[in-house]
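J.: sequence below, structure please.
(3 chains)
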Amino acid sequence: MHADLDYFYAQCEEKLNPTIREKPVIVCVYSGRTDESGVVSTCNYKARKFGIKAGLPIVRAKKIMEGTEAVFLPANRPFYEETSERIMEILRKYADSFEKMGIDEAYLDVSESVNGEFNQAKLIALQIKQEIVQSEQITCSIGVGPNKLIAKIASDENKPDGLTVVPLDEVSSFLNELAVGRIPGVGKKAEEKLSQLHVRSVKELSGLNTNILVEAFGRNLGSYLYKAARGKDDELVKDRNQPVQISRIATLKSNTRDVTEILPLLTELAHSVNVRLVEENLTCKIIGIIAITENLKIHAKSKTIDAPTSDENTVKRCSRELLEQFLQSTPNTAIRRIGVKLSGLSTKSGQVDLNHFLR
DNA sequence: GTATGCTTTCGGC
DNA sequence: TTACGGCCGAAAGCATAC
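T.: From the prediction side, this is the model:
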């Protein structure tokens, strides 16, 4: 089963202020560079009708919504996080095993509790939806299927406030009608490549043999697509107990390649990631920076350190060195945004994530 | 050739 | 046509070891 909280940030804002429910609600991330620089994070369905979507620059969205009652709000992440955490606790209760996939979605394995009965699973899904609406006034869309792939596609089938159940014997009829873009992992690039192979629907995709797909997409994605077209997926719902990476990124007041101008922000970001690291009682083995240059190209530099650490000064020193190294390797290009990333995380007691070994 | 580990890029939300 | 966030997880790409 896959549960997806509907237009989550914007729905949280509707919950906070129900009077905006009937209007287009657009939640934005302001970068702070100018009054309105930034992008749309998400919006409700009233706003989507106008073509508003995640990633659209705010100025562009404002132009489109000129003369309407649209409400533009800054993202209030802490509130969304808290709301999400309470909802995740509800979801977890119903699952034999549970996998959170970000702030607004999760997989629940309920196979055991329902004894493989899809009707039973449907009842659980209805119960979950009811409980979340009652306690949090938040709707979600749920997909039920024989595996994660089908559940995920099904949760996307009927939104918002949807419930789609696809039992094993309906998998192929369900899939065949769909466009290939509905398969997770098939974005613009893969869609384009497939259309050159005259494949638009999942049915057409299932007509391609393994060799052609592997040739076009590589061994990994190729064999994934071959199986996905047949509704096959054997990924487990895995209880993830610790994050894989921790990162913070922010936009500079102005584009620059002057270290002294970047350093205060870099230091603050290093502090922030380290606070989270310590909060989670973790150490990191890899310290990295992310630089988005003026041409909006993303660059990454990282370094694996000798011993796992949670020392703030190590993170600060290392990220500074990586920044200097980046500037040297990339002349004549100013930086627009800068970030710090910690990975190679393990718990302080020294045990690495158990899931790492089970596979 | 295969396995493994490290660094960078990709793409979802 | 311009505009332009802040996260996350995983894949890709490459080097090295056996």
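J.: quick check: pLDDT value at the nearest residue to A:Ile292 once chain neighbours are set aside.
T.: In space, and not counting its chain neighbours, A:Ile292 is closest to A:Arg337: 4.0 Å by CB to CB, 6 or more residues apart in numbering. For the C-beta atoms, the positions are set from N, CA and C on the backbone; glycine is no exception. We have a pLDDT of 91 for A:Arg337.
J.: the helix or strand A:Arg337 falls within close to DNA strand C?
T.: Following DSSP states H and E, one finds A:Arg337 within strand A:335-343. Yes: residues of strand A:335-343 are located near DNA strand C by CB under 7 Å from any atom of the strand, namely A:Arg336, A:Arg337, A:Gly339, A:Lys341.
J.: for the residue in the stretch 1-150 of chain A that DNA strand B sits nearest to, give its distance to A:Pro18.
T.: Nearest residue of the stretch 1-150 of chain A to DNA strand B: A:Asp104, at 4.9 Å (CB to the nearest atom of the strand). Distance, A:Asp104 to A:Pro18, by CB to CB, to the nearest Å: 20 Å.
J.: quick one: which of these two has more around it?
T.: When neighbours are counted by other CB atoms under 10 Å, A:Asp104 and A:Pro18 differ, and A:Asp104 comes out ahead with 23 against 10.
J.: how close does that one sit to A:Cys140?
T.: 8 Å.
J.: now do the shared contacts for these two.
T.: When contacts are counted by CB atoms under 8 Å, 6 or more residues apart in numbering, the set common to A:Asp104 and A:Cys140 consists of A:Asp4, A:Leu5.
J.: center of chain A, which residue is that?
T.: If you average the C-alpha coordinates of chain A and look for the closest C-alpha using CA atoms, centre = their mean, you land on A:Gly102, 5.4 Å from that point.
J.: which ones are touching the closest residue to A:Ile212 other than its chain neighbours?
T.: For A:Ile212, the nearest residue in space outside its immediate sequence neighbours is A:Leu197; the separation is 7.2 Å by CB to CB, 6+ apart. Residues in contact with A:Leu197 (CB under 8 Å, 6+ apart) are A:Leu208, A:Ile212, A:Ala216.
J.: where does pLDDT dip in the stretch 201-350 of chain A?
T.: A:350 (pLDDT under 70).
J.: okay, helices next: where are they in it?
T.: Here the stretch 201-350 of chain A has its helices, by DSSP state H, counting those that start in this stretch, at A:202-205, A:210-228, A:259-279, A:312-329.
J.: need those helices in CSV with mean neighbour count, can you?
T.: Written out in CSV, the entries for the helices of the stretch 201-350 of chain A read as follows (neighbours: other CB atoms under 10 Å):
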stretch, mean neighbour count
helix A:202-205, 20
helix A:210-228, 16
helix A:259-279, 16
helix A:312-329, 17
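J.: check contacts around the closest residue to A:Cys318 other than its chain neighbours.
T.: Closest residue in space to A:Cys318, ignoring its immediate chain neighbours: A:Ile287 at 4.3 Å, by CB to CB, 6+ apart. Taking CB under 8 Å, 6+ apart as the definition of contact, the neighbours of A:Ile287 are A:Ser302, A:Lys303, A:Ile305, A:Thr314, A:Val315, A:Cys318, A:Ser319, A:Leu322, A:Val340, A:Lys341, A:Leu342.
J.: same question, A:Glu105
T.: Applying CB under 8 Å, 6+ apart, the residues contacting A:Glu105 are A:His2, A:Ala3, A:Asp4, A:Leu5, A:Ser155.
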